[in-house]
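J.: give me coordinates for this.
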Amino acid sequence: MELRTATKQTGKMEETTLLAALRIGDERAYTQLVEDNTGRLLAVARRIVRNPEDASEAVQEAFLQAFRAIGRFEGEAKLSTWLHRITVNACLLRLRHAKRHPEAALDDLLPHFDGTGHRVGVEHDREWSDDALDQMEKHELGKLVRDAIDRLPENFRIVVTLRDIEGMSTEETAMALGIRPEAAKMRLHRARQALRTLLEPQFGGRTA
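T.: Here you go, the predicted model:
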């Protein structure tokens with residue numbers, strides 16, 4: 001099969017052919033990689049950094065990093081997955097260097113208990129099914145969930161975005177954030193508790 005073999009349906013190179021072409025500096029391959037992935041990566045970046053201009057710059061930086069490292073990419077994952085990881089890291093690096101702004105304390109959104117160990121303010125605390133948040137994200141209420149995530153302090157917003165929206169594992173999330181998996185689990189647990197508090201008025205009586 002020649003290096004420029006393309007699928008009959010789209011005229012685009014298949015993954016194996018595309019990777020081989022990228023490794024020898026084929027400009028058409030680079031163009032295809034950018035065109036196929038830019039929209040999805042911009043959506044990822046906007047969920048993390050939120051500012052459209054910063055998101056665009058993060059994606060550009062991710063592509064530059066990918067182009068420089070393509071010779072070391074061994075194909076152990078799909079190109080799109082590899083680009084996703086690079087983009088997430090580029091966004092996190094941008095956030096670390098950004099000027100920090102004061103954030104609302106998370107404690108006000110976490111459960112509170114009285115001296116006997118009973119939850120305070122449970123009158124609106126109704127049972128949610130385990131995958132209720134996943135279902136809401138997939139359907140018409142997704143925007144409301146994402147808006148609530150945006151209200152979380154940055155450290156907690158990022159961990160729930162990576163874990164629950166981007167679908168990264170706990171280990172991958174911890175590695176991306178430079179923390180231990182146990183710390184990532186605790187941060188995620190607190191973020192989900194806070195998110196539940198924010199969403200309780202709308203979804204307290206809803207099942208998945």
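
J.: in the chain, which ranges drop under the pLDDT threshold?
T.: Counting by pLDDT under 70, the chain shows low-confidence ranges at 1-11, 99-141, 203-208.

J.: can you give me the helices in it?
T.: 15-23, 27-49, 52-69, 79-97, 132-138, 142-150, 154-160, 170-177, 181-203 (DSSP state H).

J.: buried stuff in the first one?
T.: When you say that, I think you mean helix 15-23. Across helix 15-23, burial judged by 16 or more other C-beta atoms under 10 Å covers 17, 18, 19, 20, 21, 22. Any C-beta I mention is one placed from the backbone N, CA and C, and that applies to glycine too.

J.: can you redo these as a markdown table with distance to residue 98?
T.: What follows is the buried residues of helix 15-23, written out as a markdown table (distance: C-beta to C-beta, whole Å):
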| residue | distance to residue 98 |
| --- | --- |
| 17 | 39 |
| 18 | 34 |
| 19 | 33 |
| 20 | 38 |
| 21 | 36 |
| 22 | 31 |
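
J.: quick check: of the residues you listed, which lies closest to residue 143?
T.: residue 18 (34.2 Å; C-beta to C-beta).

J.: so who does the closest residue to the closest one other than its chain neighbours touch?
T.: With sequence-adjacent residues excluded and distances taken as C-beta to C-beta, 6 or more residues apart in numbering, residue 18 is closest to residue 29, at 5.4 Å. Going by C-beta atoms under 8 Å, 6 or more residues apart in numbering, residue 29 touches 13, 18, 21, 22.

J.: roughly how far apart are the first one and residue 26?
T.: This means residue 13. Separation of residue 13 from residue 26 (C-beta to C-beta, to the nearest Å) stands at 9 Å.
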